[in-house]
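Undergrad: From the sequence below, what's the structure:
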Amino acid sequence: MRIDKYLWCVRYYKTRNMVTEACKKNHITVNGQVAKPSKEVFPTDKITFRKDQITQMITVLDIPESRVGAKLVDIYRKNETSPEAYAHLELLKLSKEHYRKSGTGRPTKKDRRDIDEYGNEIFDEDEKE
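TA: This is a model prediction of the structure:
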């Protein structure tokens, strides 16, 4: 089976086109060699690819007939990615939240209206005095 179809079948990528783009960017290797989208994979092959700032390492156990359900993915691959990589991803997510809280930044339309309304209230109070 082709590498692009395999990674799509075992649900690492949402579309085969995304796998093809990753192959073109040299993000995917099979047994230590950079893979083109048409590279054939066989059981016992080791696939390494970079996705979501994690270098994933998997071993092909079997070749699926077509795209499989999420519960059946473990039949066809063995995930050998280190737990430290996933812990590192969690730290990255937490550090992003530390520097920029969600909802901050450029004001939304509602925020702008609230600011304008607050400014009008202050302006009206100054006129009364």
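Undergrad: And the strands in this structure, which stretches?
TA: 28-30, 33-34, 46-51, 54-60, 77-79 (DSSP state E).
Undergrad: measure the nearest residue to residue 70 once chain neighbours are set aside to residue 91 for me?
TA: Once flanking residues are discounted, residue 70 sits nearest to residue 11: 6.1 Å by Cβ to Cβ, 6 or more residues apart in numbering. From N, CA and C alone the C-beta is placed, and that goes for glycine too. Remark: distance between residue 11 and residue 91 (Cβ to Cβ, to the nearest Å) = 25 Å.
Undergrad: Then residue 117?
TA: 41 Å.
Undergrad: and what of residue 12?
TA: Distance check for residue 12 against residue 91: by Cβ to Cβ, it reads 22 Å.
Undergrad: And these two? Which one has more around it.
TA: Neighbour tally, residue 12 and residue 91, criterion other Cβ atoms under 10 Å: the higher count belongs to residue 12, 20 against 10.
Undergrad: What's the per-residue pLDDT of that one here?
TA: At residue 12, the pLDDT value in this model is 87.
Undergrad: which residues touch it?
TA: 19, 49, 51, 56, 58 (Cβ atoms under 8 Å, 6 or more residues apart in numbering).
Undergrad: quick one: contacts for residue 56?
TA: So residue 56 contacts 12, 48-50, 79, 81, 85 (Cβ under 8 Å, 6+ apart).
Undergrad: possible to save those residues as TSV with distance to residue 33?
TA: Converted to TSV, the contacts of residue 56 look like this (distance: Cβ to Cβ, whole Å):
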residue	distance to residue 33
12	19
48	10
49	13
50	15
79	21
81	19
85	22
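Undergrad: re the thing from before, highest neighbour count among the contacts of residue 12?
TA: residue 19 (25 neighbours).
Undergrad: pretty sure that one is in contact with residue 9, am I right?
TA: No - at 10.2 Å, residue 19 does not count as touching residue 9 under the criterion of Cβ atoms under 8 Å.
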